[in-house]
Each structure stands twice: as C-alpha cells, then as structure tokens.
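Colleague: sequence unknown, structure follows:
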C-alpha cells in the first residue's frame with residue numbers, strides 16, 4: 001500500500017516513541033525522519049531497476065553544425081536501453097570499438113569535429129543516418145554519422161529512446177514517493193532501521209530482520225505483469 005511522506009514519518013515516530021505530529025514540519029525530529037525517508041528512497045532507486053521510472057525519452061540536440069553527430073543525455077536520466085533515430089535503431093558500441101570503427105579523415109563524405117569534453121578530434125560520415133553511438137563521459141552521446149543532405153545536425157525531434165529517469169522527491173506532507181506498492185514496506189523498514197541506528201544509537205532486531213526479508217523478496221515483484229527471465233538488452237548489434 002502506498003503511503004504519503006507524512007504517513008511514513010508518523011509510522012517511524014510511533015515505533016521510535018517520538019512525539020505525534022500532524023505535519024512533518026511540526027518538530028525537528030519529524031523533519032529528521034522525513035529526510036531519512038528521502039535519502040533511503042534515493043538509495044533504493046539508485047540500487048535497482050525500477051520499472052515505474054521507465055519512460056519514452058528524447059535526447060537533447062546540441063544544434064551545433066561544428067559538432068553534427070553529438071547529442072546529450074536528458075536531465076536526470078539513469079539509463080538508456082533503446083535509442084532510435086528517424087525510426088531506425090542506433091546500436092551502442094563500447095568507446096574503444098567505436099573509435100576503431102571511425103572513418104579516416106580525408107575520405108569522401110567524412111567530416112572531423114572535436115569532442116566537446118576533451119577537445120580531441122573525431123570523425124563521422126555525412127552521407128547516412130547514424131548506425132552506432134557511444135559516450136566517453138556519460139553526458140554527451142557521439143554518433144558515427146548523419147545525413148547532411150537532410151539536416152545540418154542530428155535532430156532532437158527524430159530521436160526516440162526508452163530508458164529510466166531518476167524521480168523527484170518533494171518534502172511535503174502529501175507527497176507519495178514514486179515506487180511500486182511492493183517496495184513501500186521495504187522503504188519503511190529501511191528508513192526505520194536507519195533512524196534507530198542514527199538517532200537511537202542502536203538497532204531494533206525485528207526491524208533489521210524485516211528489512212532483510214523484504215530486500216530478498218522484492219526483486220521478483222518489480223513488474224505488474226509477470227515476465228519470463230530474459231537477458232538484459234543493451235542495444236548492441
């Protein structure tokens with residue numbers, strides 16, 4: 001069952017013999033516990049794939065003709081698992097293999113440009129849409145080609161990706177963390193465990209036991225539709 005930040009905080013206060021509150025801002029103790037819930041939430045999100053944070057995305061275009069094949073990851077993106085450009089899939093390549101596959105400067109329909117982070121010269125083809133991409137810094141995406149007869153640079157409007165974004169967290173009584181219902185007991189148990197350890201100089205064995213049990217069981221309940229075991233697809237050709 002989903003709970004608001006106030007309800008999560010009230011549950012922690014009750015178990016730790018704290019003062020009852022009607023708002024997370026009523027006492028300094030309630031604010032501290034709400035902050036623990038927030039930090040625990042982001043720890044959970046960062047440590048596992050959370051399908052509720054998957055969505056269709058567009059990459060950000062630089063719109064710089066001197067760097068025609070460069071795009072950027074959108075803000076707060078955790079992972080891209082599919083990248084399509086103009087309706088065709090563009091495949092990930094390891095940076096070293098990507099560099100090995102670049103054409104030589106001076107060939108027909110080959111342009112050179114500088115990597116935006118290092119300034120090192122790279123090359124790309126200018127006579128076809130992108131087929132492969134990589135990233136050297138986890139910020140910029142470098143593609144191997146673009147069609148200069150259609151566009152002067154790769155266009156944001158022609159990108160379509162499927163991936164995961166980091167969610168936001170609002171410190172308000174009514175805010176409900178964006179988690180699958182099956183993860184809420186784990187979020188509460190982990191938050192209580194941290195609060196016992198940090199603010200009560202110890203731990204509660206039953207809370208620790210519950211947190212361990214929930215952690216081991218939630219991985220099979222991430223999706224609302226049961227799925228067969230599959231290997232991860234990373235967009236490699």
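Modeller: Nice, thanks for sending it over. Since the model is a prediction, treat every value here as computed from it, not as a measurement.
Colleague: Flag every buried residue along stretch 77-90.
Modeller: Using 16 or more other Cβ atoms under 10 Å as the test for burial, stretch 77-90 gives 77-78, 80, 82-83, 85-86, 90. The way it works is simple: take the backbone N, C-alpha and C, and place the C-beta from them, glycine included.
Colleague: Including secondary structure, could these go into a markdown table?
Modeller: Below are the buried residues of stretch 77-90 laid out as a markdown table (DSSP: H, G, I helix; E, B strand; the rest coil):
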| residue | secondary structure |
| --- | --- |
| 77 | strand |
| 78 | strand |
| 80 | strand |
| 82 | strand |
| 83 | strand |
| 85 | strand |
| 86 | coil |
| 90 | coil |
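Colleague: which non-adjacent residue is nearest the residue most central in space within the chain?
Modeller: What sits nearest the mean C-alpha location of the chain, by Cα atoms, centre = their mean, is residue 78, with 1.9 Å. Closest residue in space to residue 78, ignoring its immediate chain neighbours: residue 164 at 4.4 Å, by Cβ to Cβ, 6 or more residues apart in numbering.
Colleague: Okay, now the sheet partners of the helix or strand hosting that neighbour, with direction.
Modeller: Under the criterion of DSSP states H and E, residue 164 resides in strand 159-165. Using DSSP bridges, the strands paired with strand 159-165 are strand 54-57 (antiparallel), strand 77-85 (antiparallel).
Colleague: of those strands, which approaches residue 118 most closely?
Modeller: strand 77-85 (21.5 Å; Cβ to Cβ).
Colleague: Now do the closest one, average pLDDT.
Modeller: The average pLDDT within strand 77-85 is 92.
Colleague: in its sheet, what does the helix or strand just after it sit against?
Modeller: Remark: after strand 77-85, the chain's next helix or strand is strand 88-89, criterion DSSP H and E. Using DSSP bridges, the strands paired with strand 88-89 are strand 77-85 (antiparallel).
Colleague: which residues are contacting the strand it pairs with?
Modeller: For strand 77-85, contacts defined as Cβ atoms under 8 Å, 6 or more residues apart in numbering pick out 46, 49, 53, 57, 59, 73, 89-90, 92, 129-130, 133, 141, 143, 154, 158-166, 233-235.
Colleague: Just the buried residues of those.
Modeller: Buried members of these, counted by 16+ other Cβ under 10 Å: 53, 57, 59, 73, 90, 92, 129-130, 133, 141, 143, 154, 158-161, 163-164, 235.
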